[in-house]
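# Sharing a sequence plus its predicted fold:
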Amino acid sequence: MNIITVKFSNSENYRKDIGKSLYLESLKFNSTAKTILEIGPGKGEAALEFFNNDPSHHQQIIFVEPNLEHANLLSARFPKSLILAQSIEKIVLESKGLPNDLDIVVANFSLHWVEGITKTAKALFEHLNDGGILAVANTDFIRSFWG
């Protein structure tokens, strides 16, 4: 198992900084990644900064964002991406539109919203390729399954 650690500045943008670092570090471990899934990207700031700062990345990105307003914004920001406007639990547990060949899954401050995290995580692993990476950042102890 690979453990990815990231450094970030203590700033107002720490979530975006961590999300961008999750993308960067994941691609260091899996430089041939073709498909990236981001769970709960919100407005897509981390992905936007990552892809805008280095347009050489040509991975297909899939966003799972249950907030319809955010999903619509993601569609405008990432017109070539697949936007799944449902909860990750519903998508992975009911096999609704998620490919079985994911290289990287990024969850940046979003898994604390997931109900049934154990079942959902197991289902996510089934969608990862051999050598696939699950990159997670979560520090919200108030609502978190970590606490």
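Sure thing, it's come through. It should be emphasised that the depicted structure is a prediction, and the values quoted were computed from it without experimental measurement. Numbers count the residues shown, from 1 in each chain.

# For the chain, which segments are assigned as strands?
Assigned by DSSP state E, the chain shows strands spanning 35-39, 60-64, 82-84, 102-108, 128-137.

# and for the last one, what are the contacting residues?
What that stands for is strand 128-137. Strand 128-137 has contacts (C-beta atoms under 8 Å, 6 or more residues apart in numbering) with 2, 4, 6, 18-19, 22-23, 25-26, 29-30, 33, 101-109, 111, 121, 124-125. Every residue, glycine included, has its C-beta placed from N, CA and C.

# quick one on the thing from earlier: need the strands of the chain in JSON lines (columns: mean neighbour count).
Output for these, formatted as JSON lines (neighbours: other C-beta atoms under 10 Å):
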{"stretch": "strand 35-39", "mean neighbour count": "25"}
{"stretch": "strand 60-64", "mean neighbour count": "22"}
{"stretch": "strand 82-84", "mean neighbour count": "19"}
{"stretch": "strand 102-108", "mean neighbour count": "24"}
{"stretch": "strand 128-137", "mean neighbour count": "18"}
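
# how far out from the middle of the chain is the helix or strand bottoming out on mean pLDDT in the chain?
The helix or strand of the chain with the poorest confidence is helix 45-53; it has a mean of 81 (mean pLDDT, DSSP states H and E). Its chain's average C-alpha position is 13 Å from that of helix 45-53, according to C-alpha atoms, centre = their mean, to the nearest Å.

# counting contacts, what elements does it pack onto?
Helix 45-53 sits against helix 14-29, strand 60-64, with contacts defined as 3 or more C-beta pairs under 8 Å, 6 or more residues apart in numbering; DSSP states H and E.

# What does the pLDDT read for the spatially closest residue to Thr32 that is not a sequence neighbour?
Counting by C-beta to C-beta, 6 or more residues apart in numbering, Thr32 lies nearest to Asp103, which is 7.7 Å off, once chain neighbours are set aside. With respect to pLDDT, Asp103 scores 93.
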